[in-house]
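# what would the 3D arrangement of this be:
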Amino acid sequence: MVESKEGDEKEIRRFSAALKSKVVEEVVSGALTAREAARLYGVSSARVVNAWVFKHEGRRTKIVRVMMKSEAERIKELEEALSDAILARRVLAAQLESYERYVPDLKKRLDTKELKKFEENQKKIEKLR
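Residues are numbered from 1 along each chain as shown. This is a model prediction of the structure:
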């Protein structure tokens with residue numbers, strides 16, 4: 001908005017769709033930067049031109065996560081360790097099932113605290129899947 005000489009009146013600029021399209025084309029093609037286009041066509045700021053470009057192009061903000069290499073390696077190691085632990089749990093569960101065939105009351109013979117902890121861990125693992 002630009003104030004006129006009369007003081008009380010304000011001037012609001014509205015740009016046509018054709019002009020916006022032309023500005024967007026020039027910015028996307030690389031002929032002009034957003035700042036240059038704003039100056040050339042009398043747009044209030046480069047931010048407005050960029051908003052037109054994003055709206056016209058249908059772009060959304062892309063979030064790029066930047067990590068140190070060591071962080072990425074650590075995450076990969078932890079993911080591998082988790083998959084190994086899940087596999088080990090599956091093997092142990094299969095072993096437990098096979099032992100139960102030979103000793104039907106095996107779970108009853110286990111310590112109650114250990115059994116509860118085992119069942120809680122199983123539930124947590126199931127939630128992770």
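# report the distance from the lengthiest helix in the chain to the chain centre.
Counting by DSSP state H, the longest helix found in the chain is helix 69-102. Helix 69-102 has its average C-alpha position 27 Å from the chain's average C-alpha position, going by Cα atoms, centre = their mean, to the nearest Å.
# now do the phi/psi pair for the closest residue to residue 43 other than its chain neighbours.
Spatial nearest neighbour of residue 43, excluding adjacent residues (Cβ to Cβ, 6 or more residues apart in numbering): residue 49 at 5.6 Å. C-beta: built from backbone N, CA, C; applies to glycine. Taking degrees, to the nearest 10, you get phi -60, psi -40 for the backbone angles of residue 49.
# what about residue 49, neighbour count?
26 (other Cβ atoms under 10 Å).
# now for it: which residues touch it?
By Cβ atoms under 8 Å, 6 or more residues apart in numbering, the contact list for residue 49 reads 23-24, 27, 34-35, 37-38, 43.
# quick check: the farthest pair among the residues you listed?
Using Cβ to Cβ, the contacts of residue 49 span at most 14.6 Å, a distance reached by 24 and 35.
# give me the more crowded residue out of the two.
residue 24 (20 against 15).
# list the contacts for the more buried one?
So residue 24 contacts 49, 52-53, 56-57 (Cβ under 8 Å, 6+ apart).
# find the residue closest to it in space, skipping its chain neighbours.
residue 56 is the one closest to residue 24 (Cβ to Cβ, 6+ apart), at 4.5 Å.
# can I assume the one you found is in contact with residue 22?
No - applying Cβ atoms under 8 Å, one finds residue 56 not in contact with residue 22, separated by 10.9 Å.
# go ahead and flag the most central residue of the protein.
The structure's the chain has its C-alpha centroid closest to residue 63; by Cα atoms, centre = their mean the separation is 6.3 Å.
# am I right that it sits in a strand?
No - counting by DSSP: H, G, I helix; E, B strand; the rest coil, residue 63 is not found in a strand; it is coil.
# picking up where we left off before, may I see the buried residues of whichever strand or helix holds the residue nearest to residue 24?
Residue 56 is part of helix 46-57 when elements are defined by DSSP states H and E. Neighbour-count burial for helix 46-57, with 16 or more other Cβ atoms under 10 Å as criterion, is recorded at 46, 48-50, 52-53, 56.
# right, I'll call it a day here.
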